[in-house]
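**Student:** Give the three-dimensional model of this entry:
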Amino acid sequence: MDSSPLKRSWRWLLGGVVVAALLTLALSSPGPKEMPLSDFTDHLSARRIEQVQLRPDGDTLELRGKLVGGERFLTRTLPGDPLLSFSELESRGVDTTYLPPSGFSWLSAFSWLLTLLLIGVLLYMLLRSRQMGNGDSAATAFGKSRANVVNIEKVGVTFADVAGCDEAKQDLQEVVDFLRQPEKYRALGARIPH
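**Tutor:** Numbers count the residues shown, from 1 in each chain. Below you'll find the model as predicted:
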């Protein structure tokens, strides 16, 4: 089992994101069906609307309600429509409620707090991973070259040092064979890397 602190941190972060997503889905109930205003007026004329809640929402008036069959709906219109006045709805037998403009929403606050928490956890993990090791985490070292400049005078490895290494000898023989007979290797799809 790999128990490096960085991998454990990423597992915790992934678990937190999954839990947060499930909580958000559980707390957000499915909304009512969006209904065009023309359908609303048709239902109103046919007296199929049982209940309506009027709530100002910025520049629009939000109408949430229930049809006679129990189906919930939502429609929006501009405030001041004479057809949608309180007295007009009451005269058509619709139970009408006027609600104040919506202010604070727990779901909205929860989503903002969750976003800030995730950003904080990511920053914490990034700073913590930079303190470990050489200062380059996997996220910040992406795209950086790991090539080192080799000075020929300071190499220090000779053929005598690798004379007993059969693998190194075999690799070198394959390179020499490739240079002598490149057609044989090209037929297999080999090429010199660029």
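**Student:** can I get the CA coordinates of stretch 102-111 in PDB?
**Tutor:** Extracted in PDB, the C-alpha atoms of stretch 102-111 (Å, rounded to 0.1, in the frame of the first residue of the first chain):
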ATOM      1  CA  SER A 102     -36.000  36.100  -1.900                       C
ATOM      2  CA  GLY A 103     -32.900  37.000   0.000                       C
ATOM      3  CA  PHE A 104     -30.700  34.400   1.600                       C
ATOM      4  CA  SER A 105     -30.500  30.900   0.300                       C
ATOM      5  CA  TRP A 106     -28.800  28.100   2.300                       C
ATOM      6  CA  LEU A 107     -28.000  26.200  -0.800                       C
ATOM      7  CA  SER A 108     -26.300  29.200  -2.400                       C
ATOM      8  CA  ALA A 109     -24.300  29.800   0.800                       C
ATOM      9  CA  PHE A 110     -23.400  26.100   1.000                       C
ATOM     10  CA  SER A 111     -22.100  26.100  -2.600                       C
END
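**Student:** If we go by neighbour counts, what in that stretch is buried?
**Tutor:** By 16 or more other Cβ atoms under 10 Å, stretch 102-111 has no buried positions at all. Where C-beta positions appear, they are placed from N, C-alpha and C, glycine not excepted.
**Student:** mean confidence score for it?
**Tutor:** Throughout stretch 102-111, pLDDT has a mean value of 73.
**Student:** Kindly report the same for stretch 160-172.
**Tutor:** On average, stretch 160-172 scores 76.
**Student:** just stretch 124-133 next, same as before
**Tutor:** On average, the pLDDT along stretch 124-133 is 73.
**Student:** Then stretch 49-66?
**Tutor:** Averaged across stretch 49-66, the pLDDT comes to 86.
**Student:** Can you tell me the element Arg8 falls in?
**Tutor:** According to DSSP states H and E, Arg8 maps onto helix 5-27.
**Student:** No more questions from me, cheers.
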